[in-house]
Structure formats: structure tokens, C-alpha cells
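In: Quick check, what structure comes out for this input:
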Amino acid sequence: MSFQSLQVIEPILKALNTEGYTTPTPIQTQTIPIALQGKDLLGCAQTGTGKTAAFAIPILQKLYEQKSNENGLRKIKALILTPTRELAIQIDESFAVYGKHTGLSHAVILGGVSQYSQVNQLNRGVDILIATPGRLLDLIQQRYITLQYLQFFVLDEADRMLDMGFINDVKKIITKLPIKRQTLFFSATMPAEILHLSQHILRDPIKIEVTPISSTAENITQAVYFVEKEDKRSLLIHLLQNKNIGNALVFTRTKHGADKIAKELNRVNVKTDAIHGNKSQNARQRALTNFKNKNIRILVATDIAARGIDIENLTHVINFDLPNIPETYVHRIGRTGRAGSNGIALSFCDREEKVFLRDIHQLIEQPITVIDEHPFKMIQPSYDEAKRNHKNPLNARPFAQKRSMNQRRWSQ
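Out: Predicted coordinates for the structure are as follows:
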């Protein structure tokens, strides 16, 4: 199978060949023909499957084929809505790569930076708009943006929109779209609210599912360290003394925790930066660029970075804190082992997190190797001690109930 066999036109094929893309991924093979036929699509795909090209290529192709019938005025004809600033930037970069021979214009609008340059670009005319929900609504309300000419709408990472509390903004934006449009809806998971949303905005969609949402890539080696919470930073420093860990994306549950880890690692001469929601857009982009260029060895992130950050040759993902939502584990470790390369995912598990590990096991149905040989091994209490202290780590039901009440507070 080749892109040419998918009826991709020559200007886009030329760009793909320049980038060395010759064989489409499974999601591209299934999505591109459907999208070129003008049909709505419901795509369930794991992160790192080549989803951006799957929707960008047909949108570019259909808009390119319309150009000869236009009067030269640029109106927003395609909207790609995505949850995070990092993902919006990367999607915009992908449109630049795939569409560089089409003459189509594209722009990205997002919060956290001044709207001045974004408004100027919109005033010059844009064919394809990539946006995060908050800034898009803001500029619509200021009447800098009209979507009345829209033909294509892509809702990307829909479940992440739900996790981050953007679902109401998404619903507001949908009310401003033309009824007659083509909609491509992508989500890595399908919780009830997301499924309900898809049923309201899609017309007779064709559903594609590339990989089960619970699956982790076979080329990712997974291991877990049982460690006391107070020993986690010491264990991390110990592991990073191993020069075989060339670079690593370290996930924490909180913004404050990310900053503390970055400070501690820099103190021991491990070049590190942190990325999370309290950082300015410029600071986040600078940290990401430094990590990609290997100016820093470690990037510490909250789950805002679990999707949309695409780093070539990332060797390790380290879960400093296990996520309380098992699907998040799949998305986190999917940052490594991309494009067929091998990756390693290491997780630290303290006493309270054992319930999270159990949930992860139930979801992925794959073994995770336990590494006992390390200097900060958790000392298991005897049965009598656990019973006496009412903290039996094997009985996690009460803690699981508490977790559900605090899920949103911890999900950042």
C-alpha cells in the first residue's frame, strides 16, 4: 500500500516523498479514502498512530481541488479543534509540511500568548484554522472569526477535551458551525459522554478502530519499582546515573511536583526543565524545543503533555507518579516506542498507588516486570502490622472509592 494508491494528489505526494513518507499507517489507509469521499468519520485510535496526517492530507487535497473555482478571498473552510497548545502547534507544523506545495494558508490560535499576531494573520485570510477551545471562543465573541464558510470540522482528542474540562466549550463551538459540513471525530477512548457527543454531531459516520484503547505497543518494555513515596526522588536520581537513559519524559501528578523534581535534578547536574499548565506558552515551547534538541536530558511534565508531544527517538518514559486513570498510563508510555522504534516505560509505585497499578493491569492485560534490585525497595509490612494499622496495602477498595471523588483534582 502506498499514498499514491490512496489517490493522493501529486502536490501532496511530493511533500510526503520529501519527508520520506512512503507507506501509510493503518489509520491513514482507512481514513484517507473515507474523508476524500466526503463522509463523516468516527475514529478510535491510540496516540502515535499517524492520526494527524490521516485528516490533514484529505482536507488539504479537497481544498486544493477547489482553489481554481474561488475568487481569491480566503475564508476559514477547515477547523481543527484540539485540547492543548502543544498539540495545536504540532498539527499546524504538519499542515505546513504536507501542504507546502498547495498554496493553502493555515494558522494556529491558542491561549497563553498575546492575540495580536493571531488576529493579524486572521485578517490576512486563512483557509485552515487550528485552535484550542478557549481562545477560539474568545476571538469568535470579539468577531475576529466567523465560521459560516466552514466545510470541514475535525475534533481531535475528544476524550482529552473531556478530561481537561473543555467539553462545554466544545459544545458552544459546535453550535456556531454550519449544519452542512464534513466532520471527522477522533478519540483514543470512548467514555459515555464522548460517545453521546459524537452521536449529536456526526451524520451516518463510518467508524474505524485501529487498535484497542487498552493496548500498549509491543515494542515498549514496561517495568515497575515499588518504592516509598518519600524515596521516589532518590530513586529517580539513582536511575539517571545510568547513562543508558539518554533522555526521558518524566510524568508527575501535580504542577508543584514537576517543578520540585526539575529543581532537584538540576541540583545534581542533570539538565532538566518542567512543562505544565502554569508555565507561559513561550516557556513551555522553549522547554520542549530544548528537549527535542537534546539541550536538556529530562523533561518533567504533568498530563497536559501526555498527548500531542511527538519527540523523535525518546528512549524512556518514567511515571514518577502513577496516573489514577488507567487509560492515561497508555497515553503516557505511548510517547516512547514510536514509529517502530523500541522504548522503555518505568513506573514508581508507592503504597497508595497499588490500586492504580491494579487498574492498569486490568486494562492492558499485559505483564509489567517488577524490579526488586534497587536501593530503595519498599519494605512490606507483615500481615499483623497491616491489620493493626488498618493500612493493608492489599485491600485497596476504600482508597479506590476515595480516588473516584478526587479524580478531577488529580487528573492535571
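
In: so Asp350 makes contact with Tyr225?
Out: No. Counting by Cβ atoms under 8 Å, Asp350 sits too far from Tyr225 to count as a contact (9.9 Å). Where C-beta positions appear, they are placed from N, C-alpha and C, glycine not excepted.

In: what sits against Arg233?
Out: Lys260, Ile261, Glu264 (Cβ atoms under 8 Å, 6 or more residues apart in numbering).

In: Quick check on these: which are buried?
Out: When these are checked for burial by 16 or more other Cβ atoms under 10 Å, the buried set is Ile261, Glu264.

In: Setting the sequence-adjacent residues aside, check what's closest to Gly112.
Out: Take Gly112 and drop its neighbours on the chain: the residue closest to it by Cβ to Cβ, 6 or more residues apart in numbering is Gln281, 3.6 Å away.

In: end-to-end on stretch 217-235?
Out: 26 Å (Cα to Cα, to the nearest Å).

In: What of stretch 110-123?
Out: Terminal-residue distance, stretch 110-123 (Cα to Cα): 16 Å.

In: Equivalent analysis for stretch 248-261, please.
Out: So stretch 248-261: terminal residues 13 Å apart, Cα to Cα.

In: Repeat that for stretch 225-245.
Out: Span of stretch 225-245 from end to end, Cα to Cα: 16 Å.

In: how far out from the middle of the chain is stretch 143-163?
Out: 17 Å (Cα atoms, centre = their mean, to the nearest Å).

In: Ala188 versus Gln118, what's the distance?
Out: According to Cβ to Cβ, to the nearest Å, Gln118 stands 28 Å off from Ala188.

In: neighbour count winner among these two?
Out: Legend: neighbour count by other Cβ atoms under 10 Å for Gln118 and Ala188, higher for Ala188 (24 against 20).

In: picking that back up, number of residues surrounding the residue nearest to Gly112?
Out: Around Gln281 there are 15 residues (other Cβ under 10 Å).

In: Equivalent analysis for Gln199, please.
Out: 10.

In: Give the helix, strand or coil label for it.
Out: Counting by DSSP: H, G, I helix; E, B strand; the rest coil, the backbone at Gln199 sits in helix.

In: which residues touch Ser234?
Out: Counting by Cβ under 8 Å, 6+ apart, Ser234 has contacts Phe376.

In: Make 14 the starting number, not 1.
Out: Taking 14 as the first residue, the last one we looked at is Ser247.

In: got a pLDDT number for it?
Out: pLDDT for Ser247: 96.

In: what about it, which helix or strand?
Out: helix 245-253 (DSSP states H and E).

In: next one: Leu301
Out: helix 294-305.

In: Check which residues of that helix are buried.
Out: Buried-residue list, helix 294-305, by 16+ other Cβ under 10 Å: Arg297, Gln298, Ala300, Leu301, Phe304, Lys305.

In: what's the answer for stretch 159-169, then?
Out: Leu160, Leu163, Gln164, Phe165, Phe166, Val167, Leu168, Asp169.

In: Could you check the pLDDT of the last one?
Out: Confidence at Asp169, expressed as pLDDT, is 93.

In: Can you report phi and psi for the nearest residue to it once chain neighbours are set aside?
Out: Leaving out its chain neighbours, the residue that sits closest to Asp169 by Cβ to Cβ, 6+ apart is Thr95, at 4.6 Å. In terms of degrees, to the nearest 10, the main-chain angles of Thr95 are phi -140, psi 150.

In: okay, now Thr95: neighbour count?
Out: Counted with other Cβ under 10 Å, Thr95 comes out at 30.

In: pLDDT of the helix or strand harbouring Asn136, averaged?
Out: Assigned by DSSP H and E, Asn136 falls within helix 129-137. For helix 129-137, mean pLDDT is 94.

In: Stretch 183-200 now?
Out: Mean predicted confidence for stretch 183-200 is 96.

In: Sort out which residues of it are buried, please.
Out: Buried, per 16+ other Cβ under 10 Å, within stretch 183-200: Val183, Ile186, Leu190, Arg194, Gln195, Thr196, Leu197, Phe198, Phe199, Ser200.

In: For the residues you listed, please prepare a markdown table with the additional fields secondary structure and distance to Glu340.
Out: Formatted as a markdown table, these follow (DSSP: H, G, I helix; E, B strand; the rest coil; distance: Cβ to Cβ, whole Å):
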| residue | secondary structure | distance to Glu340 |
| --- | --- | --- |
| Val183 | helix | 19 |
| Ile186 | helix | 24 |
| Leu190 | coil | 28 |
| Arg194 | coil | 29 |
| Gln195 | strand | 28 |
| Thr196 | strand | 23 |
| Leu197 | strand | 21 |
| Phe198 | strand | 18 |
| Phe199 | strand | 15 |
| Ser200 | strand | 11 |
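
In: So which of the residues you listed is the closest to Thr328?
Out: Checking the buried residues of stretch 183-200 against Thr328 by Cβ to Cβ gives Phe199 as the nearest, at 27.4 Å.

In: What residues are bridge-paired with that closest one?
Out: Gly56 (DSSP bridges).

In: ok, it - contacts?
Out: Counted by Cβ under 8 Å, 6+ apart, Phe199 has contacts Gly56, Cys57, Ala58, Lys64, Phe68, Val167, Leu168, Asp169, Glu170, Ala171.

In: same thing but at 7 Å, please
Out: Gly56, Ala58, Lys64, Leu168, Asp169, Glu170, Ala171 (Cβ atoms under 7 Å, 6 or more residues apart in numbering).

In: Just the ones in strands from those residues, please.
Out: Residues of the contacts of Phe199 located in strands (DSSP state E): Gly56, Leu168.
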